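S.K.: Build me a structure from this.
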Amino acid sequence: MQERKTAWSGLLFSSFLAICCLSAAALFVAACGDMTTTSGSGMATVTTMISDPATCAAPDGPYAHVYVTITDVQANVSASAGDNDSGWVDLTPNLKKTPKQIDLLGQANNQCFLASLGDSQQLQAGTYQQIRVILADNSLSVSGNLCGASANCVVLNSDPSKPRALQLSSEAKTGLKIPSGQIAKGGFTIAAGETKDLDIDFNTCASIVREGNGQFRLKPVLHAGEVSTTSSSINGKVLDKSTGNPVNGSVTVNLEQKDKAGVDRIVMSTMAGTDGTFVFCPLPAGTYDVVVVGTRSDGAFYDPTIVTAVSTGSTTGTLNLYLPQTTATSTANLAGLVTSQNTAMAGTVADVALSTLESVNSVTYTIPLPPTTTQTTGTLAVETAPSTATLTCPTGTDCASYTLQVPSGGPYIGAWTSGGVTPAQSAALATYVVDGFATVPSSGGTLDCNPSELQSTPASALSGTGPFNVAVPNLAFVQCQ
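M.R.: Residues are numbered from 1 along each chain as shown. Reported below is the predicted structural model:
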């Protein structure tokens with residue numbers, strides 16, 4: 001029998017435990033298959049920066065600070081290059097001598113970027129389809145260290161005087177991987193003679209797992225892409241339609257783009273301010289769908305609002321959130337079980353990222369989890385484990401139970417126009433599919449099991465007036481490591 005892996009009791013915080021981004025949810029985007037590589041002649045110049053719209057920052061989120069110490073950033077034109085491939089190009093050679101400790105929840109130094117990771121660097125022209133960020137081992141001595149004895153740490157709002165070490169898996173040695181599927185346009189393309197800015201967006205809170213032993217572990221969620229230091233934002237304002245005022249509660253605004261399967265996945269998230277305004281900056285050039293969810297202070301969920309085809313450099317104008325019109329209950333509880341087993345048909349541990357999907361007009365969107373005291377990210381991460389006194393796993397499996405709180409109403413949806421958006425509700429009640437991606441624990445995001453993605457079938461269609469308590473079919477992962 002394959003040796004059982006050590007089980008951790010994991011709780012994903014949000015953000016993006018979220019911060020999708022450094023929201024969520026993040027969202028979890030699966031690495032896609034190998035892509036045709038492109039190389040060019042001549043040299044180009046790139047400046048590497050880091051950003052994070054801090055949706056789980058002080059004073060309202062669980063974290064006051066999240067410090068990481070970066071020792072290098074590298075890129076490769078091959079989407080399938082291994083850790084020791086000779087094609088890795090060093091984008092930040094200065095960091096090897098002087099690592100940089102960055103507060104991922106800190107204030108941006110120019111309204112967009114948290115920090116520049118070094119001087120402009122020359123590199124061979126081409127399309128770079130993998131990027132990796134290498135963090136310092138926690139034992140490294142860091143000048144002016146704000147983490148005490150550790151190079152990477154979290155500081156809780158509940159206990160700001162005591163930094164907690166942020167445990168790494170393989171990241172210090174092989175780097176936090178950003179595959180082509182998480183790079184805007186599938187790769188960072190730069191031609192001979194060009195100068196471009198490369199932004200690495202660290203989905204901080206969606207990247208932190210609080211383990212059962214009280215420790216914090218980094219499970220990275222990152223995206224990257226070319227940005228401009230000007231005209232690189234999407235902004236707008238969210239109001240409660242019934243009052244015409246900003247929502248008395250919490251609102252999460254999410255940017256989504258389609259993956260190779262055509263499913264809209266969260267690529268960045270932020271919280272609307274108390275005045276209802278939001279901004280995503282910096283932002284790789286492209287077109288995004290904006291998905292908004294909100295929770296009123298009394299716990300009621302608004303129906304989601306979706307605005308399609310919003311281009312970088314645009315404003316959405318005012319977006320309204322609507323409370324359900326036909327049901328007595330604004331929330332629905334989707335409860336289910338995730339199981340995992342190895343090729344020997346024995347239980348084995350797996351990390352699974354869960355999200356809720358809904359199809360509207362033949363397009364499948366991720367509906368982020370509305371913010372609550374227990375849902376601090378747009379997606380939920382669970383880790384399977386052997387049976388306990390309170391949870392009995394099916395024979396030959398490890399398992400984890402979950403409950404996702406989602407809006408009961410169908411989303412309001414409309415296409416972006418320069419004159420504003422007038423969304424229409426797709427259906428009075430929602431129909432959800434729960435989607436799960438399995439990864440190897442402490443691997444830095446390596447996909448696990450065969451297949452590594454499962455979706456609940458049949459879809460869960462709400463009916464009646466509530467309460468809505470739905471039993472979701474099990475997600476049974478097999479052939480896991």
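
S.K.: Which pLDDT value does the model give Gly276?
M.R.: On pLDDT, Gly276 comes in at 93.

S.K.: What of Ala58?
M.R.: For Ala58, the predicted pLDDT is 37.

S.K.: next one: Gln425
M.R.: With respect to pLDDT, Gln425 scores 95.

S.K.: pretty sure it is touching Tyr322, no?
M.R.: Yes - applying Cβ atoms under 8 Å, one finds Gln425 in contact with Tyr322, separated by 7.4 Å. Every residue, glycine included, has its C-beta placed from N, CA and C.

S.K.: Quickly list what's touching both of the two.
M.R.: Common neighbours of Gln425 and Tyr322 (criterion: Cβ atoms under 8 Å, 6 or more residues apart in numbering): 303, 409, 412.

S.K.: what about the last one, distance to Pro423?
M.R.: What that stands for is Tyr412. 4 Å (Cβ to Cβ, to the nearest Å).

S.K.: just the helices in the stretch 101-250 of the chain please.
M.R.: 171-174 (DSSP state H, counting those that start in this stretch).

S.K.: can you list the weak-confidence ranges in it?
M.R.: Along the stretch 101-250 of the chain, the model assigns pLDDT under 70 to residues 107-115, 118-119, 171-172, 205, 225-232.

S.K.: Strands along that one, start to end?
M.R.: 115-116, 121-128, 130-135, 153-156, 159-167, 176-178, 188-190, 195-202, 208-210, 216-218, 222-227, 234-240, 249-258 (DSSP state E, counting those that start in this stretch).

S.K.: Tally up the residues packed near Thr384, please.
M.R.: 27 (other Cβ atoms under 10 Å).

S.K.: ok, back up a step: which among the strands of the stretch 101-250 of the chain is found nearest to Val307?
M.R.: Nearest of those to Val307, taken as Cβ to Cβ: strand 234-240 at 8.3 Å.

S.K.: Report all helices and strands that the closest one contacts.
M.R.: Strand 234-240 is packed against strand 249-258, strand 277-280, strand 287-296, strand 305-311, strand 315-321, with contacts defined by 3 or more Cβ pairs under 8 Å, 6 or more residues apart in numbering; DSSP states H and E.

S.K.: More neighbours: Tyr412 and Pro423, which one.
M.R.: Neighbours were counted for Tyr412 and for Pro423 using other Cβ under 10 Å; Tyr412 has more, 24 against 20.

S.K.: Flag every buried residue along stretch 317-324.
M.R.: Across stretch 317-324, burial judged by 16 or more other Cβ atoms under 10 Å covers 319-324.

S.K.: want to throw the strands of the stretch 101-250 of the chain into a markdown table with mean neighbour count and distance to Asp264?
M.R.: Shown next, in a markdown table, are these (neighbours: other Cβ atoms under 10 Å; distance: least, Cβ to Cβ, whole Å):
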| stretch | mean neighbour count | distance to Asp264 |
| --- | --- | --- |
| strand 115-116 | 18 | 30 |
| strand 121-128 | 19 | 24 |
| strand 130-135 | 25 | 23 |
| strand 153-156 | 22 | 30 |
| strand 159-167 | 15 | 30 |
| strand 176-178 | 25 | 20 |
| strand 188-190 | 22 | 22 |
| strand 195-202 | 23 | 17 |
| strand 208-210 | 25 | 24 |
| strand 216-218 | 20 | 26 |
| strand 222-227 | 25 | 15 |
| strand 234-240 | 20 | 15 |
| strand 249-258 | 25 | 4 |
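
S.K.: Please enumerate the strands of the stretch 301-450 of the chain.
M.R.: Counting by DSSP E, counting those that start in this stretch, the stretch 301-450 of the chain has strands at residues 305-311, 315-321, 331-342, 351-360, 363-366, 380-383, 398-407, 412-415, 424-425, 431-439.

S.K.: Pick the most buried one from these.
M.R.: Neighbour counts (mean count of other Cβ atoms under 10 Å) averaged over each of these peak at strand 380-383, with a mean of 26.

S.K.: Can you tell me the strand partners of that strand and which way each runs?
M.R.: Next to strand 380-383 in the sheet, as set by DSSP bridges, lie strand 351-360 (antiparallel).

S.K.: And this structure, split by domain according to the record?
M.R.: 11-227, 234-321, 332-408+431-480 (automatic domain parsing).

S.K.: With respect to Trp416, which of these lies nearest?
M.R.: Ranking the domains of the chain by proximity to Trp416 (Cβ to Cβ) places domain 234-321 first, at 4.6 Å.

S.K.: And that closest one, end to end?
M.R.: Domain 234-321 has an end-to-end distance of 18 Å (criterion: Cα to Cα, to the nearest Å).
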